[in-house]
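Enquirer: Sharing a model that was predicted from the sequence below.
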Amino acid sequence: MRTIGNIIWVLLGGLLLATLWLLAGVLCCLTIVGIPLAIPCFKFAQLTLWPFGRSIVFGPSIFSLALNILWILLCGWELALVSLAIGLVYCVTIIGIPFGLQSFKFARLALLPFGAEIVRA
């Protein structure tokens, strides 16, 4: 069932979110200072292509808090808004609710990517 959900996810918006995460990572790589911000972007771009069967565990620390604040100011809020909008569109129908919940998961991840770890569910 996860495989079918992931295939439908890619066709209905996962590819868009993965492209946005990848673009954010490339933009962060333009400067040397932004490279630490880009590494999670590439990891989460892969997650947005195949989200079912994986979950995210948030582990806060002082270092990740500082990076998360910088991230939100630079490009986190845009990714969060896109994920939130896609999630709201999915939740209009009953069939789309699981996909909307995945989008809401990515909206939270877009605001707090540092200190987040991907685990298999």
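Expert: Sure thing, it's come through. Numbering: from 1, shown residues only.
Enquirer: can you give me the helices for this structure?
Expert: 2-9, 15-28, 35-49, 62-71, 77-90, 97-111 (DSSP state H).
Enquirer: Next, the buried residues of the third one.
Expert: Spelled out, that is helix 35-49. For helix 35-49, the neighbour count (16 or more other C-beta atoms under 10 Å) marks 37-38, 40-41, 44-45, 47-49 as buried. Yep, even glycine has a C-beta here, placed from its N, CA and C like the rest.
Enquirer: For Ala121, state which of those residues is nearest.
Expert: Proximity of those to Ala121 was ranked by C-beta to C-beta; the top entry is Leu47 with 12.0 Å.
Enquirer: Can you get me a residue count around the residue nearest to that closest one when sequence neighbours are not counted?
Expert: Among residues not flanking Leu47 along the chain, Ile118 sits closest, at 5.6 Å (C-beta to C-beta, 6 or more residues apart in numbering). By other C-beta atoms under 10 Å, the residues close to Ile118 number 15.
Enquirer: Isn't Ile118 up against Gly59?
Expert: No. Ile118 is beyond contact range of Gly59, at 11.9 Å (criterion: C-beta atoms under 8 Å).
Enquirer: Point to the helix or strand of this protein where mean pLDDT is at its lowest.
Expert: helix 62-71 (a mean of 84; mean pLDDT, DSSP states H and E).
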